[in-house]
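1. Only the shape, not the letters, is given here:
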């Protein structure tokens, strides 16, 4: 019995990107030109073991007019709902990423910049822990 390709954590985002790209009639080259994201990077979303960086999600979402919060959720970048986390008083907590995505005071440009900085910090912390 043959199995299809493994679905990665960002499979739903990959599917949305490919669907929206097809609906616009864009080739892979046109998508790459509009986003600066390589075709192989987009293809890796299908079976990737980790969520893509905020820069990748933001660039694809911007080009395809996908809501940023939805794009990050589909890409596996949004944490569990805040109700799953509570402080000592039982008040819901949320991650910095979720707070950035949910705060209506930020423009999309500010949100993208903050998510990119958060990615840099998280990557530095992972490197130090290895």
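-> That came through, no problem. The model shown is predicted, which means the values in this text are computed figures rather than measured ones. Numbers count the residues shown, from 1 in each chain.
2. Only C-alpha atoms from now on, for both contacts and neighbour counts.
-> OK.
3. next SSE after the worst-scoring helix or strand of the chain on mean pLDDT?
-> The helix or strand of the chain with the lowest confidence, counting by mean pLDDT, DSSP states H and E, is helix 96-102 at a mean of 82. Using DSSP states H and E, the next helix or strand after helix 96-102 towards the C-terminus is helix 108-129.
4. and that next one, what other elements does it pack with?
-> helix 54-64, helix 96-102 (3 or more CA pairs under 8 Å, 6 or more residues apart in numbering; DSSP states H and E).
5. quick one, which of those is nearest to residue 112?
-> helix 54-64 (6.5 Å; CA to CA).
6. To residue 17, which of the helices and strands packed on helix 108-129 lies closest?
-> Judging those by CA to CA, what sits closest to residue 17 is helix 54-64, at 7.2 Å.
7. For the closest one, the averaged confidence score.
-> Helix 54-64 comes out with an average pLDDT of 93.
8. Same check on stretch 25-37?
-> For stretch 25-37, mean pLDDT is 93.
9. which residues touch it?
-> The contact list for stretch 25-37 (CA atoms under 8 Å, 6 or more residues apart in numbering) reads 21, 38-39, 56, 59-60, 63.
10. follow-up on the earlier one: make JSON lines from the helices and strands packed on helix 108-129 and add distance to residue 48 and mean neighbour count to it.
-> Below are those laid out as JSON lines (distance: least, CA to CA, whole Å; neighbours: other CA atoms under 10 Å):
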{"stretch": "helix 54-64", "distance to residue 48": "13", "mean neighbour count": "21"}
{"stretch": "helix 96-102", "distance to residue 48": "20", "mean neighbour count": "17"}
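11. hmm, back to that, and which of the contacts of stretch 25-37 is nearest to residue 115?
-> Taking CA to CA as the measure, residue 56 is the one of the contacts of stretch 25-37 closest to residue 115, at 10.9 Å.
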